[in-house]
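K.L.:
Give me a 3D structure for the following:
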Amino acid sequence: MNGFSKLSSPLRFLLILVIILFTCGILEAEIRLPAVLGDHMVLQQGTPARIWGWAAPGEAVSVVFAGQTIRTKADMKGKWQVSLGPLSATAEPREMTITGEQSGSRTIADILVGEVWICSGQSNMQMSMNAISPLLPDSNRADHPQIRLFNVPRRPAAVPQEDVEAAWEVCRPETVRDFSAVAYYFGRELHLKHKFPVGLIESAWGGTRIEPWTPPAGFEAVPEVKEILDEIPQADEQYRQKVMKVLPELAAWMKAAQAAVAKGQTLPIAPELPLHPLLDPQKPTSLYNGMVYPLTPYPIRGAIWYQGESNRNDGLLYEKKMEALIKGWRQAWGAGDFPFYYVQLAPYNYPYNREIPGGDVPDFDRLPYIWEAQVEAMKIPNTGMAVITDIGNLSDIHPRNKEDVGRRLALWARAKVYGESGLVYSGPLYKSMSLEGNKVRLSFDHVGSGLTTLDAQPPTWFEIAGDDRVFYKATAKIDGSTVVVWSPLVAKPAAVRMGWNQLAEPNLANKEGLPASPFRTDRW
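P.N.:
As a prediction, this is how the structure comes out:
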């Protein structure tokens, strides 16, 4: 009888666990890199490039790339990180070698240096080129070896994760079909205009609210939504209580499993452990934890965002939730107020407001409040908004024209980030009003080379009201860079609205073809 067999069953079971854990420790001692650091990646130009991973605790690690050699040591948990000096954009594929003094080397191949953008939101961002049309010519022509795609799997998490299961891919017809159409068109526009490599990270999930994408620091920074943080300890306590209930059953299983191991018998089925409430993809921080946090060490230029349909009932509070998201992400990346450009929702015939008693009632102004919240969010530094009231589909919440969406987002980046002077990058945005007898004169920012209408008809979807707050359909006329509005039913105007209806597809635009955002002059 050998020494192992002389051990008691519990000790043998414990020894087996120790051997397993020791073996896992040896495997973990190999140089390991996060998925976002891989073949075909694009590193952000002009900023220190963080490279990180895992090795044996205390192990010396070196990183060699682009003539730089940086050395460090892994901490006691085996994690290490270095920063390469700022890199210049290049389309020349290069290799990076990471070496551990005990764990051997890893080589990352086909690395470019250019511009990296994260592309996030719900279904209209997730909507792929293939979902627009499997026969779309742009998919078949999407042979852009200097554009690289990284698609994050849709996985919530209760706590911040270290990694995701994804890989960089070269932009080809076969790889772009399952990638975000908005992101692709955005990146293609930047690449074709400026010729630098572009890395696009898609992290999107259809039907999700904004709260799951927001880190705790974001909620903490905005008093109006700070109370959402209370859901996190509540969820932790719910999970704790559920686990406590199953612990006796788990202890009994452990005892039975040890006995089965000792006798060489079939192991009993383990009890099912409860799931943490934050594994729900609609819960605060869950998608940030699983789909954004693992990427935050990776330097980016900025973010594009297309979301809001699932928060349609928030009204003006949505602005504060956007502020929390943006501030939280900026703090997480630690790169200052990086550009954050987003899409104003398209008009759509939401038939009912089912969140009120007797909710089978059309609710035509609920969406306009979200539009207004999105306009107000532009007060957050270094943000911009693409208006798409002219390219929606009232019967489809997923309008198919994603090319113009991506192009309009890219206009903001081209003008604000890449310095294309004289570029008109936004449609008209309401600025002020003045009274002229029974008429109202409206002034706008971003009129470009002048105001016009998209269909050569008089401006549509204007309403006017007096102090009685009753709105009437109004006549509107373009006068230079202003619009004059009136109605014979309103002798003393007090307020004007344009497009204040979820069905509104107003035709006012600048001569560069960018539509005006819906607005109201009142706050009634």
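K.L.:
got any ranges where this protein has weak pLDDT?
P.N.:
For the chain, the stretches with pLDDT under 70 are 1-29, 352-362.
K.L.:
Which strands and helices lie in contact with the longest strand belonging to it?
P.N.:
Across the chain, the longest stretch assigned as strand under DSSP state E is strand 104-121. Here strand 104-121 touches strand 42-44, strand 90-100, strand 144-151, helix 181-194, strand 198-204, strand 302-306, going by 3 or more C-beta pairs under 8 Å, 6 or more residues apart in numbering; DSSP states H and E. Glycine gets a C-beta too; all of them are placed from N, C-alpha and C.
K.L.:
Which of the residues in that strand are classified as buried?
P.N.:
106, 108, 111-121 (16 or more other C-beta atoms under 10 Å).
K.L.:
Give me the angle between that strand and strand 90-100.
P.N.:
Interaxial angle of strand 104-121 relative to strand 90-100 (axes from the mean of the first three to the mean of the last three C-alpha atoms, to 10 degrees): 130 degrees.
K.L.:
any chance of the helices and strands packed on strand 104-121 in CSV, with distance to Gly336 and mean neighbour count too?
P.N.:
Converted to CSV, these look like this (distance: least, C-beta to C-beta, whole Å; neighbours: other C-beta atoms under 10 Å):
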stretch, distance to Gly336, mean neighbour count
strand 42-44, 13, 24
strand 90-100, 24, 16
strand 144-151, 23, 23
helix 181-194, 20, 24
strand 198-204, 19, 27
strand 302-306, 11, 26
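K.L.:
so how far is the longest strand of the chain from its chain's centroid?
P.N.:
18 Å (C-alpha atoms, centre = their mean, to the nearest Å).
K.L.:
Relative to it, what are the paired strands and their orientations?
P.N.:
strand 42-44 (parallel), strand 90-100 (antiparallel), strand 198-204 (parallel), strand 302-306 (parallel) (DSSP bridges).
K.L.:
Could you save these as JSON lines and add columns showing distance to Thr475?
P.N.:
Compiled in JSON lines, the strands paired with strand 104-121 are given as follows (distance: least, C-beta to C-beta, whole Å):
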{"stretch": "strand 42-44", "distance to Thr475": "51"}
{"stretch": "strand 90-100", "distance to Thr475": "55"}
{"stretch": "strand 198-204", "distance to Thr475": "42"}
{"stretch": "strand 302-306", "distance to Thr475": "35"}
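K.L.:
And these: which comes nearest Leu84?
P.N.:
Leu84 lies closest to strand 42-44 among the strands paired with strand 104-121, at 8.1 Å (C-beta to C-beta).
K.L.:
Mind checking what helix or strand follows that closest one in sequence?
P.N.:
Toward the C-terminus, strand 42-44 is succeeded by strand 49-54 as the next helix or strand (DSSP states H and E).
K.L.:
residues in contact with that following strand?
P.N.:
Contact with strand 49-54 is made by 28, 31-34, 37, 43, 61, 63, 65, 70, 74, 78-84, 86-87, 96, 98, 297-299, as judged by C-beta atoms under 8 Å, 6 or more residues apart in numbering.
K.L.:
how about the helices in the stretch 351-500 of the chain?
P.N.:
Using DSSP state H, counting those that start in this stretch, the helices found in the stretch 351-500 of the chain span residues 366-376, 403-416.
K.L.:
Show me what the shortest one is packed up against.
P.N.:
Right, helix 366-376. helix 317-333, strand 519-520.
K.L.:
out of the ones you listed, deepest packed?
P.N.:
helix 317-333 (a mean of 23; mean count of other C-beta atoms under 10 Å).
K.L.:
Can you select the buried ones among the contacts of strand 49-54 for me in ChimeraX?
P.N.:
Entered in ChimeraX, the line below selects the buried ones among the contacts of strand 49-54, by 16+ other C-beta under 10 Å:
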select :31,32,33,34,37,43,61,63,65,70,74,78,80,82,83,84,87,96,98,297,298,299
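K.L.:
Rebuild the helices of the stretch 351-500 of the chain as JSON lines, extending it with mean neighbour count and distance to Val440.
P.N.:
As requested, the helices of the stretch 351-500 of the chain are arranged in JSON lines below (neighbours: other C-beta atoms under 10 Å; distance: least, C-beta to C-beta, whole Å):
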{"stretch": "helix 366-376", "mean neighbour count": "20", "distance to Val440": "19"}
{"stretch": "helix 403-416", "mean neighbour count": "22", "distance to Val440": "28"}
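K.L.:
Let's have these in CSV, adding distance to Pro145.
P.N.:
As requested, those are exported to CSV (distance: least, C-beta to C-beta, whole Å):
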stretch, distance to Pro145
helix 366-376, 36
helix 403-416, 19
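K.L.:
Quick one: closest of the ones you listed to Lys193.
P.N.:
Between these, helix 403-416 lies closest to Lys193; by C-beta to C-beta that is 6.1 Å.
K.L.:
now the helices and strands packed on strand 104-121 in a markdown table, with distance to Ile478?
P.N.:
Listed next are those as a markdown table, based on distance: least, C-beta to C-beta, whole Å:
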| stretch | distance to Ile478 |
| --- | --- |
| strand 42-44 | 43 |
| strand 90-100 | 46 |
| strand 144-151 | 40 |
| helix 181-194 | 29 |
| strand 198-204 | 38 |
| strand 302-306 | 30 |
